[in-house]
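In: here is my input, please return the structure:
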Amino acid sequence: MNDGVNGVALAVFIFFFVLVTAMGFLAARWRRAANEQSLDEWGLGGRSFGTWVTWFLLGGDLYTAYTFVAVPAAIYAAGAAGFFAVPYTILVYPLIFTFLPRLWSVSHKHGYVTTSDFVRGRFGSKGLSLAVAVTGILATMPYIALQLVGIQAVLDVMGVGGGKDTNWFIKDLPLLIAFGVLAAYTYSSGLRAPALIAFVKDTLIYIVIAVAIIYIPIKLGGFDDIFAAANDKFSESGKGGLVPDHGGQWTYATLALGSALALFMYPHSITATLSSRSREVIRRNTTILPLYSLMLGLLALLGFMAIAAGVKVENGQLAIPQLFENMFPDWFAGVAFAAIGIGALVPAAIMSIAAANLFTRNIYKDFIKPDATPAQETKVSKLTSLLVKVGALVFVLGMDKTVAINFQLLGGIWILQTFPALVGGLFTRWFHRWALLGGWAVGMIYGTAAAYGVASPTQKHFGGSSEEIPGIGEIGYIGLTAFVLNVVVTVVLTFVMRALKAPDGVDETKPGDYTADAGDPGVEVELPPATAGTSH
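Out: Got it, this is the predicted structure:
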C-alpha cells in the first residue's frame, strides 16, 4: 500500500464525488410534485419511477459498495465458497416475481409506505407491525455502516487521512465530509437523490468491471495462471483448493438459500420497489435485474485476481481497492475508486430513508402521535434519516471493521424472520397474528443466541453466521435454521389459536387489492384518516 497520497486517483475521485453531490441536490427539482410534504413524495419519489429508473435504483440499492468490496474479498480469503452471493441473486428473482407485484398492488391501493404498514393492515396488529419495524431498523443500521466502511477502504488505499499516528479527527475527516454531504442531499431530495445518482454509479461499475475482466488477466498472464495461483494458495493453506469440502457445501447452500429469502425483506429493497409507478414495472424489473448477477459473477473473480497479483493486506476489505491501485493507471484507479465510493452513497441514502420511514409510520405515528399530519410525518422521517446515518457513522468509527461485518450478518438472520408475516400475508390470511408474533420471537431469540455462540479469531461472540444445524449435524446458515423454527412455531400456534378461537385482527385488504394496477378503473389510493385530502 502506498504511504503517500495518490494525487491523480484522488483528483478523479473528487471530480465524480462533486458531480454526484450536485446531482443529489438538483434531484429535489426532478419530477417535483405540487405537494412535497408527504412520505409518498420524499420517501418514495412520488411512486412515479418507470422501468429503467427502477432498475437502476434497485441495482444501486442491492449491489452496494459492500458488494463491490466484500464479495471478491470473500473469494480472496476463502476461495470459491465466497461465490455464494452469485447463486443467491439468481434464486431471488424468480422468488420476488411471485410476491413483489402483489405487495406493490396492495400498497398502492391502501397508501402503504412500509412493509409494517402492510402487516398492520393485513393482520390488524400493531404489535406484529412494531416487531417487523424494529427488526427492519436493527437489520439496516449495520448495513449502512458497511457502506461507510467501503468508502473508508477506498480512502485508505488512496492514502487519504494520514498514517496510523495521525490525529483521529484528521484521519477520519474525509469520511466525515462524505457523510455530511450524503446526509444533506438525502434530507433535501429524499429518494429522488439516490435514484438520479444510481445512473452514474451503475455506469461506472459496469465500465470498471468490463475493463478489469479484460485488462487485469492480460497483465497477469490469463485466467489459467490466475486460477492456478489461487488454487496453489488454498491448497497450501489446508483449505482443500478452490472448491469447498463436503461440510462447506452445506454452509454454501444454506447461506445462498437463506440470503435469497432475506434480500427483499430488507426495508431498502421494499422502498425502491414501492417507488415504481405500476405493477408491470415491478414484473419487468424481476426479468432484467439478473443482468446484475452477471456483473456480480465477474466482480467475484477479482478476488482470484488479487491473489494472482500478489496483493497482501491485513484487512481483506482492502484487497480489491489495492488490486486496482496496483494494476490500473492512476487515472483509471480513480474511476474505480469513484465507482466504489458512489456505490456506497446510493444504498446508504436509500437505507436511511427506509429506516426513517419505518420509524415514522410504525413507531411515531402508531404509538406516539396517531394524529400526525403528512407534513409532520415527513419532517420526522427527514430528521430520523439523519440520526440513522449518525448512528452508522459512530458504529464505523467506534468499532473494528470485522465487527461491523459480523453485525451485518446478524442483521440478515434477523430480517429473515419477517418473511412469514410479509410474504405469508400476501398469499393467505390463515396465519394467526399472535402465532406470527410468537414465531418471529422464537426465530429472533434462537438466531441471536446461536450467533452469539459463534467465535472467530478476532471475536469471542458474533464471529460468524454459521453453526451446526440441530438434528442434522452439518454446519449451516443460522438464519435459515431460525427461519424453519419460526415457520414451525407459527403453524403450530396458529392451530392452537384457531382451536381456542382467539380473536383475529381486522383485515382491511380485499382479494382484488393484490392484483390491481395503477391504471385499473376505480383503483385509487385509500388514504388513512390523518392523510385524507392531501395530494398523493
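In: tell me where the model's unsure across the stretch 401-536 of the chain.
Out: 401-402, 404, 519-536 (pLDDT under 70).
In: ok, which stretches of it are helices?
Out: 401-416, 419, 425-427, 433-452, 478-500 (DSSP state H, counting those that start in this stretch).
In: do the same with the stretch 101-250 of the chain
Out: Going by DSSP H, counting those that start in this stretch, the stretch 101-250 of the chain shows helices at 115-123, 126-158, 168-189, 192-220, 223-236, 246-263.
In: most neighbours per residue, which of the ones you listed?
Out: helix 115-123 (a mean of 27; mean count of other Cβ atoms under 10 Å). For the C-beta atoms, the positions are set from N, CA and C on the backbone; glycine is no exception.
In: counting contacts, what elements does it pack onto?
Out: helix 85-110, helix 126-158, helix 425-427 (3 or more Cβ pairs under 8 Å, 6 or more residues apart in numbering; DSSP states H and E).
In: now the helices of the stretch 401-536 of the chain in TSV, with distance to residue 91 and mean neighbour count?
Out: Shown next, in TSV, are the helices of the stretch 401-536 of the chain (distance: least, Cβ to Cβ, whole Å; neighbours: other Cβ atoms under 10 Å):
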stretch	distance to residue 91	mean neighbour count
helix 401-416	14	22
helix 419	14	19
helix 425-427	18	19
helix 433-452	20	21
helix 478-500	13	19
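In: redo the ones you listed as TSV? Include distance to residue 308.
Out: Below are the helices of the stretch 401-536 of the chain laid out as TSV (distance: least, Cβ to Cβ, whole Å):
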stretch	distance to residue 308
helix 401-416	24
helix 419	40
helix 425-427	46
helix 433-452	34
helix 478-500	33
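In: out of these, flag the one nearest residue 250.
Out: Closest of these to residue 250 is helix 478-500, at 10.5 Å (criterion: Cβ to Cβ).
In: ok, of the helices of the stretch 101-250 of the chain, where does mean pLDDT dip lowest?
Out: Lowest mean pLDDT within the helices of the stretch 101-250 of the chain: helix 168-189, a mean of 80.
In: what's it in contact with?
Out: For helix 168-189, the surrounding residues in contact (Cβ atoms under 8 Å, 6 or more residues apart in numbering) are 17, 21, 24-25, 27-28, 30, 148, 151-152, 155, 160-162, 193-194, 341, 345, 348-349, 352-353, 382, 385-386, 389-390, 393, 396-397.
In: same question for stretch 286-303.
Out: 51, 55, 58-59, 62-63, 67-68, 71-77, 82-83, 85-86, 89-90, 93-94, 96-97, 100, 205-206, 209, 212-213, 216, 226, 319-320, 323.
In: what is the mean pLDDT for it?
Out: Stretch 286-303 comes out at a mean pLDDT of 88.
In: out of the helices and strands packed on helix 115-123, nearest to residue 473?
Out: helix 85-110 (23.5 Å).
In: list the buried ones in the closest one?
Out: For helix 85-110, burial by neighbour count (16 or more other Cβ atoms under 10 Å) applies to 85-93, 96, 99-110.
In: what's the local residue count around residue 76?
Out: Residues lying near residue 76 (other Cβ atoms under 10 Å) number 25.
In: give me the nearest residue to it, chain neighbours excluded.
Out: Closest residue to residue 76 apart from its sequence neighbours, by Cβ to Cβ, 6 or more residues apart in numbering: residue 303 at 3.9 Å.
In: now for that neighbour, how many residues are close by?
Out: Residue crowding around residue 303 was assessed by other Cβ under 10 Å; the count is 27.
In: can you tell me the SS state at residue 68?
Out: Three-state assignment for residue 68 (DSSP: H, G, I helix; E, B strand; the rest coil): helix.
In: contacting residues for it?
Out: 150, 205, 299, 320, 339-340, 343.
In: can you do 6 Å?
Out: Counting by Cβ atoms under 6 Å, 6 or more residues apart in numbering, residue 68 touches 340, 343.
In: what's the answer for residue 331, then?
Out: Counting by Cβ under 6 Å, 6+ apart, residue 331 touches 8, 12.
In: returning to that earlier point: tabulate the helices and strands packed on helix 115-123 (a markdown table), appending distance to residue 172.
Out: Shown next, in a markdown table, are the helices and strands packed on helix 115-123 (distance: least, Cβ to Cβ, whole Å):
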| stretch | distance to residue 172 |
| --- | --- |
| helix 85-110 | 29 |
| helix 126-158 | 8 |
| helix 425-427 | 43 |
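In: so which of those comes closest to residue 270?
Out: helix 85-110 (7.2 Å).
In: report the distance from the closest one to the chain centre.
Out: With Cα atoms, centre = their mean, to the nearest Å as the basis, helix 85-110 stands 15 Å off its chain's centre.
In: again with stretch 483-500
Out: Per Cα atoms, centre = their mean, the centroid offset for stretch 483-500 relative to its chain is 29 Å.
In: quick one: which of the helices and strands packed on helix 115-123 is nearest residue 7?
Out: helix 126-158 (9.1 Å).
In: and the closest one with helix 115-123, angle?
Out: With axes from the mean of the first three to the mean of the last three Cα atoms, to 10 degrees applied, the angle from helix 126-158 to helix 115-123 works out at 160 degrees.
In: re the thing from before, okay, and the residue nearest to residue 76 sits in which element?
Out: Residue 303 belongs to helix 302-308 when assigned by DSSP states H and E.
In: if we can go back for a sec, which ones among the contacts of helix 168-189 lie within strands?
Out: Assigned to strands by DSSP state E, none of those qualify.
In: would you write a PyMOL line that selects the buried entries of the residues you listed?
Out: Applying 16+ other Cβ under 10 Å to the contacts of helix 168-189, the buried members can be selected in PyMOL as follows:
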select buried, resi 17+21+24+27+28+148+151+152+155+160+161+193+194+341+345+348+349+352+353+382+385+389+393+396+397
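In: narrow the contacts of helix 168-189 to those in helices?
Out: 17, 21, 24-25, 148, 151-152, 155, 193-194, 341, 345, 348-349, 352-353, 382, 385-386, 389-390, 393, 396-397 (DSSP state H).
In: and the helix or strand hosting residue 292, how far out from the chain's middle?
Out: Taking DSSP H and E as the definition, one finds residue 292 inside helix 290-300. Mean-position distance between helix 290-300 and its chain equals 16 Å (Cα atoms, centre = their mean).
In: again, but for stretch 376-396
Out: Between the centre of stretch 376-396 and the centre of its chain there are 17 Å (Cα atoms, centre = their mean).
In: any idea of the mean pLDDT in it?
Out: 89.
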